[in-house]
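[1] Quick check, what structure comes out for this input:
(one chain, ligands or ions: 2)
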Amino acid sequence: MTVIAMTNLKGGVGKSSTAAHFAYWLSIIKKKKILVVDADGQGSTSTWLEGLDLNVPCHRITDPDTLAEEIPRLEEEVEYLVVDNAGNLGEATRCTLLTAKIAVIPVTPSGLDLMSAATAVKMVRQIQKARSGLPKAGIFINRGMKNTRLLREAQELLSQLEGVTAFKQIIYQRQAIADAFLQKTTVWGMKGAQDGAEDYHKLFNEILRLAK
Ligand SMILES: Nc1ncnc2c1ncn2[C@@H]1O[C@H](COP(=O)(O)OP(=O)(O)OP(=O)(O)O)[C@@H](O)[C@H]1O
Ligand SMILES: [Mg+2]
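    Ligands and ions are numbered 1, 2, ... in the order given. Model prediction:
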């Protein structure tokens with residue numbers, strides 16, 4: 001019923017890591033009926049989910065028209081449909097944003113990445129105008145380094161963006177998150193990764209609150 005799309009025109013900001021952890025959290029921890037659409041030709045999320053053996057259906061769809069047709073049909077089957085977009089704002093991303101209730105924008109705290117996040121926000125706001133405020137958008141900092149000036153400046157900047165909720169929870173740079181894909185797991189399956197799991201837990205609750 002609720003489509004949540006990980007979106008940013010920038011590659012490597014954490015869309016797929018967030019999508020895979022979110023899918024695990026929704027399915028295993030929150031016991032929700034979910035489905036994933038991997039709209040990125042690289043297929044990172046589908047490969048990750050195969051490795052997790054979750055029993056969550058994952059559809060690989062990259063064609064814009066097919067996304068526009070299939071997402072509204074597939075969302076009827078589940079409580080949450082998580083979309084992982086490719087790292088660009090092409091037609092496919094536009095089509096997922098035309099069907100999504102929530103756009104989640106991960107951003108890494110560097111000047112250039114903040115600029116590309118602002119471009120993603122601009123695209124989301126154009127679509128919000130045409131869809132009476134949808135998708136609602138939330139932005140969060142991924143790969144933050146504790147107690148750095150860059151992190152504080154990035155937080156300040158995000159809080160000033162109009163039309164977007166700046167999520168309070170930061171996802172810090174953590175080795176466990178970087179290792180999870182190759183180990184075919186998530187932070188919940190790793191020893192010593194409780195801090196990372198707790199951060200994701202708080203962020204994902206914020207996303208669900210926005211989705212209400
Ligand atoms: N919080 C984090 N801490 C450490 N490493 C991270 C974190 N988030 C993501 N990474 C690493 O950063 C890299 C990029 O992440 P990811 O593939 O999730 O980004 P993406 O936005 O999906 O990229 P693409 O646009 O290429 O699909 C990966 O190697 C991933 O393991
Ligand atoms: Mg990706």
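
[2] Next one: the longest strand anywhere in the chain, is it in contact with ligand 1?
    Scanning the chain for the longest strand, with DSSP state E as the assignment, gives strand 136-144. Yes - counting by Cβ under 6 Å from any ligand atom, contacts between strand 136-144 and ligand 1 involve 142, 143. Any C-beta I mention is one placed from the backbone N, CA and C, and that applies to glycine too.

[3] The residue of the chain found nearest ligand 2 sits in which helix or strand?
    Going by Cβ to the ion, ligand 2 is nearest to residue 16 of the chain, at 3.2 Å. Counting by DSSP states H and E, the element that carries residue 16 is helix 15-24.

[4] quick check: mean pLDDT across that helix?
    Helix 15-24 shows a mean pLDDT of 98.

[5] before we move on, the earlier item: need the contact list for the residue of the chain closest to ligand 2.
    Counting by Cβ atoms under 8 Å, 6 or more residues apart in numbering, residue 16 makes contact with 6, 40, 42, 44, 45, 48, 84.

[6] Check which residues of the very next helix or strand once past the longest strand of the chain are buried.
    Sequence order places helix 149-159 as the next helix or strand after strand 136-144, per DSSP H and E. Within helix 149-159, the residues that qualify as buried are 151, 154, 155, 157, 158, counting by 16 or more other Cβ atoms under 10 Å.

[7] which of the contacts of residue 16 count as buried?
    For these, buried by 16+ other Cβ under 10 Å: 6, 40, 44, 45, 48, 84.

[8] Distance of the fifth one relative to ligand 1?
    For residue 48, the distance to ligand 1 (Cβ to the nearest ligand atom, to the nearest Å) stands at 9 Å.

[9] so where does that residue fall, helix or strand?
    With DSSP H and E as the test, residue 48 turns up in helix 44-52.

[10] any idea how far that helix is from the chain center?
    Remark: helix 44-52 is offset 15 Å from the chain centroid, using Cα atoms, centre = their mean, to the nearest Å.

[11] Paired strands for the helix or strand following it, with orientation please.
    The helix or strand immediately downstream of helix 44-52 is strand 58-60, counting by DSSP H and E. Strand pairing for strand 58-60, using DSSP bridges, gives strand 34-38 (parallel).

[12] by how many degrees do the partner strand and helix 15-24 diverge?
    Calculated by axes from the mean of the first three to the mean of the last three Cα atoms, to 10 degrees, strand 34-38 forms an angle of 160 degrees with helix 15-24.

[13] ok, residues contacting strand 34-38?
    Under Cβ under 8 Å, 6+ apart, the answer for strand 34-38 is 19, 23, 26-27, 44-46, 49, 56-61, 67, 70-71, 74-75, 77-84, 96.

[14] Contact residues of the protein facing ligand 2?
    Proximity of the chain to ligand 2, by Cβ under 5 Å from the ion, involves residues 15, 16, 44.
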